[in-house]
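J.: Sharing a model prediction with you, sequence too.
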Amino acid sequence: MARTMAAATVRLPRKVVEELYDASLRVAGVVETLEVLMDKRTMRRIKMGEREYSMRKYVFAKGPAQIRKALS
């Protein structure tokens, strides 16, 4: 004989749900940070970008047209 499961409803205060959601966002951020730190290629690019920035090797671009011009 098969047992059927009735749908269960759980009531939580809105504050608890908001805190759970905020915590899930923080965990997702930590996971994303760890993924970046583990990616050697990305870390090399970040370090190169920091060096270029400290040497003032950057350009200002306002708007899509200037961005395309700077990247070409």
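T.: Cool, the structure landed. What you see is a predicted model; the values in this text were computed from it and never measured. Numbers count the residues shown, from 1 in each chain.
J.: What's the first helix or strand after the helix or strand where Val36 lies?
T.: Taking DSSP states H and E as the criterion, Val36 maps to helix 14-38. With elements assigned by DSSP H and E, the helix or strand that comes after helix 14-38 is helix 40-54.
J.: any idea how far the helix or strand just after that following helix is from the chain center?
T.: The helix or strand immediately downstream of helix 40-54 is helix 64-71, counting by DSSP H and E. Relative to its chain's centre, helix 64-71 lies at 25 Å (CA atoms, centre = their mean, to the nearest Å).
J.: I'd like to check what contacts helix 64-71. Which residues are they?
T.: Val59, Phe60, Ala61 (CB atoms under 8 Å, 6 or more residues apart in numbering). No exception for glycine: its C-beta is placed from N, CA and C like everyone else's.
J.: Alpha carbons of stretch 22-30, as PDB, please.
T.: Output of stretch 22-30 as PDB, limited to C-alpha atoms (Å, rounded to 0.1, in the frame of the first residue of the first chain):
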ATOM      1  CA  ASP A  22      20.300  37.900   3.300                       C
ATOM      2  CA  ALA A  23      22.400  35.000   4.600                       C
ATOM      3  CA  SER A  24      22.000  33.100   1.300                       C
ATOM      4  CA  LEU A  25      23.300  36.200  -0.600                       C
ATOM      5  CA  ARG A  26      26.300  36.400   1.700                       C
ATOM      6  CA  VAL A  27      27.100  32.700   1.200                       C
ATOM      7  CA  ALA A  28      26.800  33.100  -2.600                       C
ATOM      8  CA  GLY A  29      29.200  36.100  -2.400                       C
ATOM      9  CA  VAL A  30      31.700  34.100  -0.500                       C
END
